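[1] What shape does this take:
(one chain, ligands or ions: 1)
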Amino acid sequence: GDFAIETGTIVVGAGPGGYVAAIRAAQLGQKVTIVEKGELGGVCLNVGCIPSKALITAAHRYEQAKHSDDIGIVAENVTVNFDKVQEWKASVVNKLTGGVEGLLKGNKVEIVRGEAYFADANTLRVMDENSAQTYKFKNAIVATGSHPIEIPNFKFSERVINSTGALALKEVPAKMVVVGGGYIGAELSTAYANFGTEVTILEGASEILNGFEKQMSALVKRNLKKKGVKIVTKAMAKAAEETENGVTVTYEVDGKEEKVEADYVLVTVGRKPNTQELGLEQAGVKITDRGLIEIDKQCRTSVSNIYAIGDIVQGPPLAHKASYEGKIAAEAIAGERSEIDYMAIPAVCFTEPELAVVGYTEAEAKEEGIEVIAAKFPFAANGRALALNSTDGFVKLVTRKEDGLLVGAQIAGSGASDMIAELGLAIEAGMTAEDIAMTIHAHPTLGEIAMEAAEVALGTPIHIV
Ligand code: FAD
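    Numbering: from 1, shown residues only. Predicted coordinates for the structure are as follows:
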């Protein structure tokens, strides 16, 4: 209809930023409407975090089933039913997206399907296939997320795919080229290599996973190579040409042009914020050259009643960051004094071994002018890691020299993704190496590795000399 619907807080996008913001806003008594043009749950639940972790799990199980001879388990004729893998993956996604719908409804959030467009700083137009509706809002939270970057000569097609395509393949490819060795490229390479695909990673920089310290990425690199993955660094991907039933990728390395054939080329070179065609300029919202929305410490944009969160604002493009900002924006609208503090935001890479970081690295602490002690304890000296047959990796704690305050932690090893939570909490709570060392950790657990690393920081480790 052409009349305008009045609402309190309108949220654009129902990813981990938007749906969490909507629920918190409703909890705080706001009348909330959420607009989603695609699927509830956004990238994370539908084509990101969750389906990628499901594929990683299935691939890892397969690989483990085949290669457990060293601990006395011999399995023959282990096979992959990839249709079933995809079905299971979809069932996990559906459970979660259905859950989000239930949570929104349970919190009395009105769900509107369609594409949103700002007409001005208090008006949103929502269009679906055959209708348009106007909403008048007091406050808006923009959470439209991001999409994969396409590079010249690699136009997305049936054979030139992005992460969404790579998660939805109908069969395990015999050969795949992965352009970009960031965390998404490395995770998907691990999964497909485990399924049996011959993977070649083309990375432009001198290392894959170069957001992580070299001693961490080196472990992943070694493991990928063990799986048969070919890693070409300082490689410039030049073009993809589709052949009859595959694709030829041309790249340049050391000034020489090389070619590699594959069934698919997966391009994972980064993501771009969805801030175009949203009418943001009409609302007066400022955008940087990189397409990001500028916000203050309460996620407020240059327009005081419009907030922005998640992949469309600065900082690491991660689901838990989007959710965290969502809560802050909703609380700011309610007049609370919540502010962003990224100090204890973890980042995890679900490779083998897993990599997880929070707070400062040793080098970052130094750059901040903090004198630190970096203390490491290896998985190989931990009983549980040995009993899990998973001894690759370490926990490293970065503590302030003057008082032992924990300012950062890096973990490489199986279980790192869960173990990092304790150290994030320790940073958030202002704990010291002594606090961690004096916390009783159950034996035998991987958690003890953090305790032992804290004892290394104090100079009194029990299980290494
Ligand atoms: P999104 O999740 O992108 O959601 C935005 C929503 O807005 C979408 O549903 C979109 O349809 C909707 N929308 C956009 N424009 C409009 C409009 N005009 N009108 C209405 N609706 C609109 N992060 C992690 O933390 N851990 C991981 O393990 C992880 N793995 C990943 C794996 C892959 C393969 C990928 C691609 C990403 C991964 N991420 C991971 C990143 C994570 O998915 C994103 O950081 C997160 O989804 C961002 O949340 P968001 O709410 O900002 O946006």
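
[2] isn't there a helix covering residue 392?
    No: assignment of residue 392 by DSSP: H, G, I helix; E, B strand; the rest coil gives coil, placing it outside any helix.

[3] wait, it sits on residue 351?
    No: when contacts are counted by Cβ atoms under 8 Å, residue 392 is not listed as touching residue 351 (11.1 Å). All C-beta atoms are positioned from the backbone trio N, CA, C, and that covers glycine.

[4] Can you name the residue of the stretch 151-300 of the chain nearest the ligand?
    Per Cβ to the nearest ligand atom, the residue of the stretch 151-300 of the chain with the smallest distance to the ligand is residue 163, at 3.7 Å.

[5] Just the pLDDT for that residue.
    According to the per-residue confidence, residue 163 scores 98 in pLDDT.

[6] swap in the one 5 residues further on?
    At residue 168, the pLDDT value in this model is 98.

[7] now it, nearest residue through space, not along the chain?
    Once flanking residues are discounted, residue 168 sits nearest to residue 86: 7.5 Å by Cβ to Cβ, 6 or more residues apart in numbering.

[8] so residue 435 sits in a helix?
    Yes: checked against three-state DSSP, residue 435 lies within a helix.

[9] what about it, neighbour count?
    15 (other Cβ atoms under 10 Å).

[10] Then residue 418?
    A total of 14 residues lie near residue 418 under the criterion other Cβ under 10 Å.

[11] what about it, distance to residue 395?
    With distances taken as Cβ to Cβ, to the nearest Å, residue 418 is found 12 Å from residue 395.

[12] So, low pLDDT: which residues of the stretch 1-150 of the chain?
    By pLDDT under 70, the weakly predicted segments of the stretch 1-150 of the chain are 1-2.

[13] list the buried ones in stretch 195-212?
    Across stretch 195-212, burial judged by 16 or more other Cβ atoms under 10 Å covers 195-204, 207-209, 212.

[14] could I get these as a markdown table with secondary structure and distance to residue 336?
    Below are the buried residues of stretch 195-212 laid out as a markdown table (DSSP: H, G, I helix; E, B strand; the rest coil; distance: Cβ to Cβ, whole Å):
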| residue | secondary structure | distance to residue 336 |
| --- | --- | --- |
| 195 | helix | 47 |
| 196 | coil | 52 |
| 197 | coil | 49 |
| 198 | strand | 53 |
| 199 | strand | 47 |
| 200 | strand | 50 |
| 201 | strand | 45 |
| 202 | strand | 47 |
| 203 | coil | 43 |
| 204 | coil | 43 |
| 207 | coil | 42 |
| 208 | coil | 42 |
| 209 | coil | 37 |
| 212 | coil | 35 |
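
[15] And residue 368, what's its pLDDT?
    According to the prediction, residue 368 has pLDDT 97.

[16] Look at the nearest residue to residue 265 once chain neighbours are set aside and tell me its secondary structure.
    Residue nearest to residue 265 in three dimensions, not counting chain neighbours: residue 177, with 4.4 Å by Cβ to Cβ, 6+ apart. Secondary structure, three-state DSSP: residue 177 is strand.

[17] got a list of what residue 179 touches?
    Contacts for residue 179 (Cβ atoms under 8 Å, 6 or more residues apart in numbering) come out as 151, 154, 185, 202, 237, 249, 265, 266, 267, 268, 269.

[18] before we move on, back to that, buried sites along the one helix or strand the residue nearest to residue 168 maps to?
    Assigned by DSSP states H and E, residue 86 belongs to helix 82-106. Neighbour-count burial for helix 82-106 flags 85, 86, 89, 93, 96, 97, 100, 101, 103, 104 (criterion: 16+ other Cβ under 10 Å).

[19] Which residues of the stretch 101-250 of the chain lie near the ligand?
    Within the stretch 101-250 of the chain, the positions lying close to the ligand (Cβ under 6 Å from any ligand atom) are 115, 116, 143, 144, 145, 146, 163, 184.

[20] List just the nearest of the residues you listed to residue 297.
    Distance from residue 297 was checked for each of those by Cβ to Cβ. The minimum falls on residue 143, at 17.5 Å.

[21] how many other residues sit next to the closest one?
    34.

[22] Double-check it against residue 10; I have them as touching.
    No: with contact defined as Cβ under 8 Å, residue 143 does not reach residue 10; the gap is 10.9 Å.

[23] list the contacts for residue 347?
    Residue 347 sits in contact with 211, 316, 318, 356, 357, 358, where contact means Cβ under 8 Å, 6+ apart.

[24] Just the buried ones among the residues you listed, please.
    For the contacts of residue 347, burial is judged from neighbour counts taken by 16+ other Cβ under 10 Å, and it is met by 318, 356, 357, 358.

[25] The first one: what's it in contact with?
    It stands for residue 318. Applying Cβ under 8 Å, 6+ apart, we find residue 318 in contact with 345, 347.

[26] In TSV: the buried residues of stretch 195-212, plus pLDDT.
    Formatted as TSV, the entries for these read as follows, by pLDDT from 0 to 100:
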residue	pLDDT
195	98
196	98
197	98
198	98
199	98
200	98
201	98
202	98
203	98
204	97
207	96
208	98
209	98
212	97
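
[27] how about residue 48, what does it touch?
    Applying Cβ under 8 Å, 6+ apart to residue 48 gives the contacts 42, 163, 319.

[28] next one: phi and psi at it?
    Main-chain torsions, residue 48, degrees, to the nearest 10: phi -130, psi -120.

[29] Just the ones of the contacts of residue 347 in helices?
    Among the contacts of residue 347, the subset assigned to helices under DSSP state H is empty.

[30] Nearest to the ligand among those?
    Nearest to the ligand among the contacts of residue 347, with distances taken as Cβ to the nearest ligand atom, is residue 318, at 3.4 Å.

[31] For the residue in the stretch 1-150 of the chain that the ligand sits nearest to, which residues are in contact?
    Shortest the stretch 1-150 of the chain-to-the ligand distance, computed as Cβ to the nearest ligand atom: residue-wise this is residue 145, at 1.9 Å. Applying Cβ under 8 Å, 6+ apart, one finds that residue 145 lies in contact with 13, 15, 17, 42, 43, 273, 274, 310, 311, 312, 322.

[32] can you redo these as a markdown table with neighbour count?
    Written out in a markdown table, the entries for the contacts of residue 145 read as follows (neighbours: other Cβ atoms under 10 Å):
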| residue | neighbour count |
| --- | --- |
| 13 | 30 |
| 15 | 31 |
| 17 | 34 |
| 42 | 29 |
| 43 | 27 |
| 273 | 21 |
| 274 | 21 |
| 310 | 36 |
| 311 | 29 |
| 312 | 28 |
| 322 | 29 |
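
[33] Okay, and which of the residues you listed map to helices?
    Judged by DSSP H, the subset of the contacts of residue 145 located in helices is 42, 43, 322.
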